[in-house]
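A.B. asks: Curious how this folds, go ahead:
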Amino acid sequence: MSENHKHSHCEDEGCSCHSQHNHTDCGCGCGHNHEHENVNKKDFAFKIISAGILFAAGWIMSEFTSVPEYVYLICFGISYIIVGFDVVKEAVEGLLHGSLFDENFLMTVASLGAFAIKEYSEGCAVMLLFTIGEFLQGLAVAKSKRSITDMLEKKPDIVNVIKDGDITAVSPDEISVGDLIVVKPGDKIHLDGIITKGSAEVDMTALTGESIPVSKAEGDEVLSGSVNIDGALTIRVTKAYNESTVARILAMLQDESNKKSTAEHFITRFARIYTPVVCLLALLVILIPPLFLGGEWREWIYRGLSALVVSCPCAIVISVPLCFFGGLGACSKEGILVKGSNYLEMLDRCTTGVFDKTGTITSGKFEFVRCECKHCHCSDKKEHHELLRIIAACEKYSNHPIAKSISLAFGKFADGAEITDAKNYAGMGVSAIVDGVKYYVGNEKLMKQVGVDFEETSLIGTAIYCCTDDEFLGDIVFADIIKEDSKEALAEMTALGVKRKVMLTGDREEIAKDISEKAGIDLYYSKLLPDEKVTKMNELKKDGGLVFYTGDGINDAPVLAAADLGIAMGGVGSDVAIEAADMVIMGDSLSKIPKGIRIARKTLRLAKENIIFSLLVKAVILVLVVFLNREVPMWLAVFGDVGVALIAILNSLRALIVKNNKPAKTE
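C.D. replies: Numbering: from 1, shown residues only. Just a heads-up that it's a prediction; the model follows:
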């Protein structure tokens, strides 16, 4: 997939191209062409090594030999061109396109100013360190993107179509309206259509978020993106692949992605403020003394350029990217894959968290809630083992997800039971003769068909009723329950500054209300289609503050793209959702988000510490440069340059350290 790179450096930060261009698989994570990426790393290594050797040669000659100035100037000049050509080019292009005060312009002005006052080593060092810092940060981003890509399955989608009486496997986009396709149990339905033969339970979780499978039979409509659970279906296609439900969702995703603006990088925003201030200060130093105080032009031009060089944020431009390099690495160790340093910063700034329900807050798996006996004749009135034994025996040979949950929970009770004449009732349940007695187990539709007088449960969840031909025995209730750590994770987010927590789901009102109350959600919206989720997201964004969205299904992809920050659940998440997200959570635990916020907060704090420390030291030296009647002492100049940079770098490395402590209060 080709991407436009229109920044001072590629949005995919591992790319060291520093130019506006279209390219495929540039090696920076855009398309993850590993062969091309290795070539780029080799090119970068060659560039840094050759520039570094020339820089070292020039520095040694300037400091320890008496060779003519032009000799080491050639070394410094070639070194500067090798690492700085693309940066200077971007600065010029930025000027032409109205982007004046970015980091490329800052680096260009400071380094050329150093050359103007014959501080050649300073000019080269600025470019060398800037290039290294950006590349290291890019490596962390590229690593995250490779991990995400490796996680996605590369299986082609195949549809079984009936042609001339034979079943042929073809690509979905080769299917025409009116064609008959066959969908086997367990297969995904790739095109919208009407069932002409067969019946089955259909899992629509990825489309609607509804955790309970839907019964479908002849004449019913089925949508692409849903999954056939337990029956062979023949479907007459009603819409071409590019007009199907999934295709429309993907089109919506593309539209929202185009609307989404990517936040500027931390160093870019800093440069937009710092660069004009430094340039104005240097200009004032050059102009005011000669014009108003009788100073000599030569002296104050030199001092102005010296002030520009002293102000050069050498320590900042390498330590800040290193902070984010450490932060991205720390996130990766915690199972949080981040597609860019700007998204790490955005995570810290989000004040509203929006969540999908099924698979995000809840487990997406049915678990036993309660058993309610009516006339089951259980010997143990508290444990209801007899009713559980009958239901488990009847469901033993069913492939329905709830039947599997029943077998897993209570299958042992049915051991030794004599089961005969097991029968499936599409969309209703099953029946079987257990130890000589015929039982019916299923939903309320089956109870009504049998004709027994039954009582519907008042519990929230999916009820499985049990009866004989003439007597209602009782029911058991299964529900999609909240993940173990979801409630605690949501509470942690509140402590970390996420002021509002919202749930968007396609599930029913009563289920959404129950889950939101149990999990500690502030606001919920139920029965939402994918486009309605996007609408709600845009409404929430208008309320002020940055918004992140966490989801896992196909239906979540457009919302992930529409949010300020999209977070996908990587383990159960669909490929489309993972591709649309800015961050991917491995392990599907919401507790990763508070960890990510703490890492982001620490990363930003370290970056700010480096900036403040560097600026304070440089401010002191700058005052001395401007007002001291003699040259600044060498040791002070060295500390202001190399010493400050070294301290800032060491401080940046602290971002790699992750402590699993409880969250601090919002800063």
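A.B. asks: Tell me if I'm right that L347 and A600 touch.
C.D. replies: Yes. If you go by Cβ atoms under 8 Å, L347 and A600 touch, sitting 4.5 Å apart. (C-beta placed from N, C-alpha, C; glycine too.)
A.B. asks: tell me the contacts of the residue nearest the centre of the chain?
C.D. replies: Closest to where the C-alpha atoms of the chain average out (Cα atoms, centre = their mean) is M583, at 1.5 Å. If you count contacts by Cβ atoms under 8 Å, 6 or more residues apart in numbering, M583 has them with I336, L337, V338, K339, Y343, L347, L565, G566, I567, A568, G596.
A.B. asks: buried stuff in stretch 440-453?
C.D. replies: With burial defined by 16 or more other Cβ atoms under 10 Å, the residues of stretch 440-453 counted as buried are Y440, V441, G442, N443, L446, M447, V450, V452.
A.B. asks: Then stretch 74-81?
C.D. replies: Buried residues in stretch 74-81, defined by neighbour count with 16+ other Cβ under 10 Å: C75, F76, G77, I78, S79, Y80.
A.B. asks: taking these one by one, which sit in helices?
C.D. replies: If you go by DSSP state H, these have C75, F76, G77, I78, S79, Y80 in helices.
A.B. asks: What are the contacting residues of the one helix or strand S516 maps to?
C.D. replies: Taking DSSP states H and E as the definition, S516 sits inside helix 509-519. Residues from elsewhere that reach helix 509-519 (Cβ under 8 Å, 6+ apart): 211, 357, 361-362, 460-461, 479-480, 482, 486-487, 490, 503, 505, 521, 523-527.
A.B. asks: Repeat the analysis, applying 7 Å as the threshold.
C.D. replies: Here helix 509-519 makes contact (Cβ atoms under 7 Å, 6 or more residues apart in numbering) with 357, 361-362, 460, 482, 486-487, 490, 503, 505, 524, 526-527.
A.B. asks: and stretch 507-524, average pLDDT?
C.D. replies: Per-residue pLDDT over stretch 507-524 has a mean of 89.
A.B. asks: same question but for stretch 586-597, I mixed them up
C.D. replies: pLDDT averaged over stretch 586-597 gives 88.
A.B. asks: how about the strands of the stretch 351-500 of the chain, start to end?
C.D. replies: Assigned by DSSP state E, counting those that start in this stretch, the strands in the stretch 351-500 of the chain fall at 362-373, 419-425, 429-434, 437-442, 462-467, 472-482, 500-504.
A.B. asks: between those, which one is nearest to S311?
C.D. replies: strand 500-504 (41.6 Å; Cβ to Cβ).
A.B. asks: The residue lying farthest from the centre of the chain: what secondary structure?
C.D. replies: Most distant residue from the mean C-alpha position of the chain: G294, 59.8 Å away (Cα atoms, centre = their mean). Using DSSP: H, G, I helix; E, B strand; the rest coil, the three-state assignment for G294 comes out as coil.
A.B. asks: on that earlier part again, please name the nearest non-neighbouring residue to the residue nearest to the centre of the chain.
C.D. replies: Nearest residue to M583, sequence neighbours excluded (Cβ to Cβ, 6 or more residues apart in numbering): I567, at 4.7 Å.
A.B. asks: ok, the residue nearest to the centre of the chain to L128 distance?
C.D. replies: Using Cβ to Cβ, to the nearest Å, M583 is found at 32 Å from L128.
A.B. asks: do A169 as well
C.D. replies: In terms of Cβ to Cβ, A169 sits 56 Å off from L128.
A.B. asks: Same check on G436?
C.D. replies: 87 Å.
A.B. asks: Which one's more surrounded, those two?
C.D. replies: L128 (23 against 7; other Cβ atoms under 10 Å).
A.B. asks: what's the following helix or strand after the helix or strand where the more buried one lies?
C.D. replies: Taking DSSP H and E as the definition, L128 sits inside helix 120-151. For helix 120-151, the following helix or strand on the C-terminal side (DSSP H and E) is strand 159-163.
A.B. asks: In this structure M503 contacts F355, no?
C.D. replies: Yes. Counting by Cβ atoms under 7 Å, M503 touches F355, with 5.2 Å between them.
A.B. asks: which residues are common contacts for the two?
C.D. replies: Shared contacts of M503 and F355, defined by Cβ under 7 Å, 6+ apart, are found at I361.
A.B. asks: so of the contacts of M583, which ones are in helices?
C.D. replies: Counted as lying in helices by DSSP H, out of these, are Y343, L347, G596.
A.B. asks: Contacts only, for the last one.
C.D. replies: Residues in contact with G596, defined by Cβ under 7 Å, 6+ apart, are C331, I336, L347.
A.B. asks: Give me the neighbour count for the first one.
C.D. replies: For C331, the neighbour count with other Cβ under 10 Å is 26.
A.B. asks: Relative to T603, how far out is it?
C.D. replies: 9 Å.
A.B. asks: what's the overlap in contacts for those two?
C.D. replies: L344.
A.B. asks: so T108 makes contact with D86?
C.D. replies: No. Using Cβ under 7 Å, T108 is not in contact with D86; the gap is 11.0 Å.
A.B. asks: And those two? Which one has more around it.
C.D. replies: Using other Cβ under 10 Å as the criterion, T108 and D86 rank with T108 on top: 23 against 19.
A.B. asks: Once you drop chain neighbours, what's closest to that one?
C.D. replies: Closest to T108 by Cβ to Cβ, 6+ apart is A91, at 4.2 Å.
A.B. asks: The nearest residue to K333 once chain neighbours are set aside: what's it in contact with?
C.D. replies: Nearest non-adjacent residue to K333, counting by Cβ to Cβ, 6+ apart: V658, 6.5 Å away. Contact partners of V658, counting by Cβ under 7 Å, 6+ apart, are A330, K333, E334, I599.
A.B. asks: mind running it again at 8 Å?
C.D. replies: Here V658 is in contact with A330, K333, E334, K595, I599 (Cβ under 8 Å, 6+ apart).
A.B. asks: same deal with S319?
C.D. replies: S319 touches G133, A607, N610, S614, A645, A648, I649, N651, S652, counting by Cβ under 8 Å, 6+ apart.
A.B. asks: which SSE is it in?
C.D. replies: helix 314-333.
A.B. asks: for that helix, the distance to its chain's centre please.
C.D. replies: With Cα atoms, centre = their mean, to the nearest Å as the basis, helix 314-333 stands 19 Å off its chain's centre.
A.B. asks: pLDDT wise, what is L139 at?
C.D. replies: pLDDT for L139: 68.
A.B. asks: same question but for K423, I mixed them up
C.D. replies: With respect to pLDDT, K423 scores 88.
A.B. asks: For it, which non-adjacent residue is closest in space?
C.D. replies: Among residues not flanking K423 along the chain, S431 sits closest, at 5.0 Å (Cβ to Cβ, 6+ apart).
A.B. asks: residues contacting that neighbour?
C.D. replies: Counted by Cβ under 8 Å, 6+ apart, S431 has contacts C394, D421, A422, K423, Y425, K438, Y439, Y440, V441.
A.B. asks: let's go with 7 Å and repeat that
C.D. replies: C394, K423, K438, Y439, Y440.
A.B. asks: Can you check what pLDDT the model gives it?
C.D. replies: Per-residue pLDDT puts S431 at 94.
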